[in-house]
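[1] I would like the atomic coordinates for the input below:
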Amino acid sequence: FVSPKVAELFQRSPEQMIGRTDAELLPAAEAQRLKEFDDKVFETGERQAGEEYFPGSNGNRRYFWSIKQLLHRAGDSDCLIGLSIDITELKEAQRAVASSEARFRTLFEGSRDAVLLLDQKARFIDCNQAAIALLGLSSKAACLGQTPADFSPPVQACGTPSVELSAAHIAIVNTEGQHRFDWLIQRPDDGAALAVEVSASIVDLDGESVILATVRDLTERMKYEGTIHQLAYYDALTDLPNRRLFFDHLAKALALSQRSGNYGAVIYLDLDNFKPVNDQYGHIAGDLLLQEAARRLAGCVREQDTVARLGGDEFVVLLVNVAPTLHAAWLQAKHVAERIRDDLADTYSLTFDTEEETGKTVEHQCSASLGMTLFPPCGESGEAILRRADNAMYQAKAAGRNQIKLDEGCGKSLS
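    Numbering: from 1, shown residues only. Just a heads-up that it's a prediction; the model follows:
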């Protein structure tokens, strides 16, 4: 996938870029530099952030701050997803300060980003119009002489007082010459809290060392990062947790069971009569049925439990902290499984548009086969527990479908 902004940067259309490598689109040295950044994401499996630059259409470089991480795709290989923010103006402003205050002043006042200057005592000595607007001030005078803590809530998101954390960040800037960090500001006009990113560096202005701070509203970035998180951990069709997030919840449930001694349960289910919907009415109707099944499943469990879609018409339910004894846990989990089976067996009324008819409504019956297992006490892995529930589900299908079967596991008996 290539966004229009990236295509514009490469001076090509998205269609000309998709399916091609950096080496096919850029000179060898630049392609290698980008590849090294991307390789680090694949090698570590962790989110990476750093500065990148590209040749502009007029021969001048454009600089970007890029954030990249892996996107895990069910049934397919991992891919890399990235978000880049243009920081060219900041780079130009930093160069301008070093060479010409007049040039700096033009960039300083004209920058779309909020830019502020602080003296060595961390007091604001100047700011541009974008900073006045971001901070919610009536004029530049309202900023001068104040400190970062004056435009912040008493405590930052990490729990550290703003005065204390601000001093720590300023100390890093003074020691290392530059520093980038996230911060919460609180506008004095309406009291609203706003998450921002601060890029600060030491510059020489008229022979005096000052701190140049560029402050960027993180609202858009957080929105995109939220989208990335949604893609990585949730099923796009049903908005239920996907396999990756399910196993994360299961690992936490296993740890909780070990501490509390209470049993949990995993219910693996497959819809019995789903394929005819796709065959007869198309995938739109099938998607509607899966979405309705997801809603019904979510209505059968507690807030602390998890309903996930593993793919196709297969779902899994995780019940946590069910009961302190094996028999009591079995009874409660079986009660939930029976409710799920009954709710999923109710008639589905599906309304969708076709080429021949707008608002076509069809009704469909679709039962489910459920396999269930309990945990602990075996100390099994999450994968092993899910396999046991999956095996029990296939036993339910073999027994005639619309059944609930228990895989007791670990040699334990409920009798």
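
[2] so where's the longest strand in this protein?
    Looking across the chain with DSSP state E, the single longest strand is strand 193-205.

[3] helices or strands up against it?
    Counting contacts by 3 or more CB pairs under 8 Å, 6 or more residues apart in numbering; DSSP states H and E, strand 193-205 packs against helix 88-99, helix 162-176, strand 178-186, strand 208-217, helix 219-233. Quick note: C-beta positions are derived from backbone N, CA and C, even for glycine.

[4] do that again at 10 Å, thanks
    Secondary-structure packing of strand 193-205 (3 or more CB pairs under 10 Å, 6 or more residues apart in numbering; DSSP states H and E): helix 88-99, helix 101-110, strand 114-118, helix 129-135, helix 162-176, strand 178-186, strand 208-217, helix 219-233.

[5] Run the chain-centre distance for it.
    Remark: strand 193-205 is offset 25 Å from the chain centroid, using CA atoms, centre = their mean, to the nearest Å.

[6] now it and strand 114-118, what's the angle there?
    50 degrees (axes from the mean of the first three to the mean of the last three CA atoms, to 10 degrees).

[7] Could you dump the helices and strands packed on strand 193-205 into JSON lines with distance to residue 294 and mean neighbour count added?
    Listed next are the helices and strands packed on strand 193-205 as JSON lines, based on distance: least, CB to CB, whole Å; neighbours: other CB atoms under 10 Å:
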{"stretch": "helix 88-99", "distance to residue 294": "45", "mean neighbour count": "17"}
{"stretch": "helix 101-110", "distance to residue 294": "50", "mean neighbour count": "15"}
{"stretch": "strand 114-118", "distance to residue 294": "43", "mean neighbour count": "23"}
{"stretch": "helix 129-135", "distance to residue 294": "41", "mean neighbour count": "19"}
{"stretch": "helix 162-176", "distance to residue 294": "42", "mean neighbour count": "15"}
{"stretch": "strand 178-186", "distance to residue 294": "35", "mean neighbour count": "17"}
{"stretch": "strand 208-217", "distance to residue 294": "35", "mean neighbour count": "19"}
{"stretch": "helix 219-233", "distance to residue 294": "15", "mean neighbour count": "13"}
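
[8] mind giving me CSV with these and columns for distance to residue 261 and mean pLDDT?
    Below are these laid out as CSV (distance: least, CB to CB, whole Å; pLDDT from 0 to 100):
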stretch, distance to residue 261, mean pLDDT
helix 88-99, 56, 73
helix 101-110, 63, 64
strand 114-118, 54, 91
helix 129-135, 52, 91
helix 162-176, 41, 93
strand 178-186, 40, 92
strand 208-217, 48, 90
helix 219-233, 29, 73
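
[9] I'd like these written out as TSV, with distance to residue 403 added.
    Below are the helices and strands packed on strand 193-205 laid out as TSV (distance: least, CB to CB, whole Å):
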stretch	distance to residue 403
helix 88-99	63
helix 101-110	71
strand 114-118	63
helix 129-135	61
helix 162-176	58
strand 178-186	52
strand 208-217	55
helix 219-233	31
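
[10] Please identify which of the ones you listed is closest to residue 15.
    Closest to residue 15 of these, according to CB to CB: helix 219-233, at 22.4 Å.

[11] Could you tell me which residues within the lengthiest helix in the chain count as buried?
    Identified as the longest helix of the chain according to DSSP state H is helix 326-345. Within helix 326-345, the residues scored as buried using 16 or more other CB atoms under 10 Å are 326, 329, 330, 333, 334, 336, 337, 340, 341, 344, 345.

[12] how far away is the last one from residue 338?
    Using CB to CB, to the nearest Å, residue 345 is found at 11 Å from residue 338.

[13] Report the rounded mean pLDDT for stretch 296-310.
    What stretch 296-310 shows for mean pLDDT is 95.

[14] how far does it stretch from start to finish?
    One end of stretch 296-310 to the other measures 16 Å (CA to CA, to the nearest Å).

[15] now that stretch, how far from the centre of its chain.
    For stretch 296-310, the distance to the chain centre is 20 Å (CA atoms, centre = their mean).

[16] what do you get for stretch 312-330?
    Between the centre of stretch 312-330 and the centre of its chain there are 27 Å (CA atoms, centre = their mean).

[17] Ok, stretch 113-124 next?
    With CA atoms, centre = their mean, you get 33 Å for stretch 113-124.

[18] got the CA positions of it in PDB?
    The C-alpha trace of stretch 113-124 is given here as PDB (Å, rounded to 0.1, in the frame of the first residue of the first chain):
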ATOM      1  CA  ASP A 113       4.600  24.200  13.900                       C
ATOM      2  CA  ALA A 114       4.600  25.900  17.400                       C
ATOM      3  CA  VAL A 115       8.100  27.100  18.000                       C
ATOM      4  CA  LEU A 116       9.400  28.600  21.300                       C
ATOM      5  CA  LEU A 117      12.700  29.800  22.600                       C
ATOM      6  CA  LEU A 118      13.700  29.300  26.200                       C
ATOM      7  CA  ASP A 119      16.700  30.700  28.200                       C
ATOM      8  CA  GLN A 120      19.000  28.700  30.400                       C
ATOM      9  CA  LYS A 121      16.500  29.100  33.300                       C
ATOM     10  CA  ALA A 122      13.900  27.400  31.200                       C
ATOM     11  CA  ARG A 123      11.800  30.600  30.800                       C
ATOM     12  CA  PHE A 124      10.100  31.400  27.500                       C
END
